[in-house]
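>>> just the structure for this:
(2 chains)
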Number of protein chains: 2
Amino acid sequence: MEHNLSHTIALLARTSAALDALLRDLPEEWTLRDEGENTWTVFDVVGHLNHAERTDWMPRVKIMLQFGETRTFEPFDRWGQVRESEGKSLGQLLDEFARLRAENLSELRTLNLRPEDFERRGRHPSQGVVILRELLATWAAHDLTHLHQISRIMAHQYRGAVGPWSAYLGVMRCAGHSDP
Amino acid sequence: MEHNLSHTIALLARTSAALDALLRDLPEEWTLRDEGENTWTVFDVVGHLNHAERTDWMPRVKIMLQFGETRTFEPFDRWGQVRESEGKSLGQLLDEFARLRAENLSELRTLNLRPEDFERRGRHPSQGVVILRELLATWAAHDLTHLHQISRIMAHQYRGAVGPWSAYLGVMRCAGHSDP
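Purely as a prediction, here's the structure:
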């Protein structure tokens, strides 16, 4: 389907509660283990979602509205959560995610975007010209790619425990299709 | 990690609330669209989870405890949810999932399984001899494989809308690694 702001917001508004219900107070065997060298834990992923709320989505929306293609976005730091998450619990990261997401959605709604705004251009540091509606769709799809990753990281911890049923569990054969 | 009953239950106890938070009252563009011919919608997946609660996990646990390898499990019907879900809303399916899961976990806890029980054998109709601890680990991993699938089905709906950002979204390149 084409990008639709109300569908995007409907999803963005649910992710933090869904992650909270899934992850809060789970044993650390699920949340602090990764998939091997240079991969992320569930804790890392939630930190990454927070870092993106702070530095990616709404800052880029505002740059596009104000400067169009004339100002290139700051490159996104894919390890930017490491310092931000240091010393925090997963519960604290989930609290932060709920707060940051609610603030960002409130700001997005306040912009009261009109149909022509969705066609505004911006300049991505490696992808070149991008469109505001693509950025908004990506915000929602980014939640989904990390929900996909979280389910895979957790399943990985039981890859041996499931025995022959592994044959029926597609998630056990998912390699992620990208860097973390 | 090895199978651990308390870790398995911790996860099984959270999935229904997580799916509820993610999916209830979402626009049908997210929940009633599939990934193409012979694939499932989010609605189908939740129906499948309910069908498995009814016919797979606890019924098989009880067969293993009572009959060991001497009674082969009934084959699981991978399209068994179609009739069960007919005429229902996604909200009804989510209510059912919460109720069925709570009942099954209550029954599992009541069994008060001892360490030696986890080594009990059973006979799977196509995999042959299986072990009770593998069945329990699979119950949890099965939630995760379908959370993985749900995030992928939903992301698929925005595969065109995200434009060049598709390159950063691993979920867009996930083909599922198995039948639905």
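>>> what's the spacing between residue A:138 and residue B:39?
Distance of residue A:138 to residue B:39, computed by CB to CB, to the nearest Å: 23 Å. Every C-beta, even on glycine, is put in place using the N, C-alpha and C of the backbone.
>>> ok, those two, which is more surrounded?
A side-by-side neighbour count of residue A:138 and residue B:39, using other CB atoms under 10 Å in any protein chain shown, places residue A:138 first with 26 against 16.
>>> which residue comes closest to that one once chain neighbours are left out?
residue B:165 (4.0 Å; CB to CB, 6 or more residues apart in numbering or on different chains).
>>> what of residue A:20?
In space, residue A:20 is closest to residue A:94, 5.1 Å off (CB to CB, 6+ apart).
>>> check the one you found and give its pLDDT.
Listed pLDDT for residue A:94 reads 98.
>>> restrict the strand or helix carrying it to CA atoms and write it as CSV.
Taking DSSP states H and E as the criterion, the element that holds residue A:94 is helix A:90-111. Taking C-alpha atoms only, helix A:90-111 is exported to CSV below (Å, rounded to 0.1, in the frame of the first residue of the first chain):
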residue,chain,number,x,y,z
LEU,A,90,16.1,-2.8,30.2
GLY,A,91,13.2,-1.5,32.2
GLN,A,92,14.7,2.0,32.0
LEU,A,93,15.2,1.7,28.3
LEU,A,94,11.6,0.6,27.8
ASP,A,95,10.4,3.6,29.9
GLU,A,96,12.5,5.9,27.8
PHE,A,97,11.2,4.4,24.6
ALA,A,98,7.6,5.0,25.7
ARG,A,99,8.3,8.6,26.6
LEU,A,100,10.4,9.5,23.5
ARG,A,101,7.9,7.9,21.2
ALA,A,102,4.9,9.6,22.8
GLU,A,103,6.7,13.0,22.6
ASN,A,104,7.7,12.5,18.9
LEU,A,105,4.2,11.4,17.9
SER,A,106,2.8,14.4,19.7
GLU,A,107,5.2,16.7,17.8
LEU,A,108,4.4,14.9,14.5
ARG,A,109,0.6,15.5,15.0
THR,A,110,1.2,19.1,15.9
LEU,A,111,2.9,19.6,12.5
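>>> just the strands in chain A please.
Using DSSP state E, the strands of chain A run over A:121-124, A:128-131.
>>> could those be laid out in CSV, adding distance to residue A:113, mean pLDDT and mean neighbour count?
Output for those, formatted as CSV (distance: least, CB to CB, whole Å; pLDDT from 0 to 100; neighbours: other CB atoms under 10 Å in any protein chain shown):
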stretch, distance to residue A:113, mean pLDDT, mean neighbour count
strand A:121-124, 14, 96, 18
strand A:128-131, 13, 96, 16
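>>> which regions of chain A sit below the pLDDT cut-off?
Applying pLDDT under 70 to chain A flags the ranges A:178-180.
>>> need the helices for chain A, in chain order.
A:5-23, A:28-31, A:42-55, A:57-67, A:81-85, A:90-111, A:132-156 (DSSP state H).
>>> surely residue A:149 touches residue A:40?
Yes: Residue A:149 lies in contact with residue A:40 (CB atoms under 8 Å); the separation is 7.4 Å.
>>> look at these two and report which has more neighbours.
Between residue A:149 and residue A:40, counting by other CB under 10 Å, residue A:149 is the more crowded of the two (26 against 22).
>>> gap between that one and residue B:170?
7 Å.
>>> show me whatever sits in contact with both of these two.
Common neighbours of residue A:149 and residue B:170, counting by CB atoms under 8 Å, 6 or more residues apart in numbering or on different chains, are residue A:176.
>>> quick one on the thing from earlier: can you convert the strands of chain A into a markdown table and add a column each for distance to residue B:126?
Below are the strands of chain A laid out as a markdown table (distance: least, CB to CB, whole Å):
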| stretch | distance to residue B:126 |
| --- | --- |
| strand A:121-124 | 49 |
| strand A:128-131 | 48 |
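>>> looking at the ones you listed, which is nearest to chain B?
Closest approach to chain B among the strands of chain A (CB to the nearest CB): strand A:128-131, 6.2 Å.
>>> centre of the chain to that closest one, how far?
20 Å (CA atoms, centre = their mean, to the nearest Å).
>>> so is it next to chain B?
Yes: Strand A:128-131 reaches chain B (CB under 8 Å from any CB of the partner chain) through A:128, A:130, A:131.
>>> got CSV for those residues, with distance to residue A:51 too?
As requested, the residues of strand A:128-131 next to chain B are exported to CSV (distance: CB to CB, whole Å):
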residue, distance to residue A:51
A:128, 23
A:130, 20
A:131, 23
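>>> out of those residues, the closest to residue B:124 would be?
Nearest to residue B:124 among these, counting by CB to CB, is residue A:130 at 49.6 Å.
>>> nearest spatial neighbour of that closest one, skipping sequence neighbours?
Residue A:130's closest residue in space is residue A:124 (CB to CB, 6+ apart), at 4.8 Å.
>>> correct me if wrong: that neighbour contacts residue A:74.
No: contact between residue A:124 and residue A:74 fails when scored by CB under 8 Å: they sit 10.5 Å apart.
>>> how close does the closest residue to residue A:25 other than its chain neighbours get to chain B?
The shortest distance from residue A:25 to any non-neighbouring residue, by CB to CB, 6+ apart, is to residue A:91 (7.2 Å). Distance, residue A:91 to chain B, using CB to the nearest CB, to the nearest Å: 14 Å.
>>> can you check residue A:57 too?
In terms of CB to the nearest CB, residue A:57 sits 11 Å off from chain B.
>>> residues touching that residue, list them.
For residue A:57, the contacting residues are A:104, A:135, A:139, by CB under 8 Å, 6+ apart.
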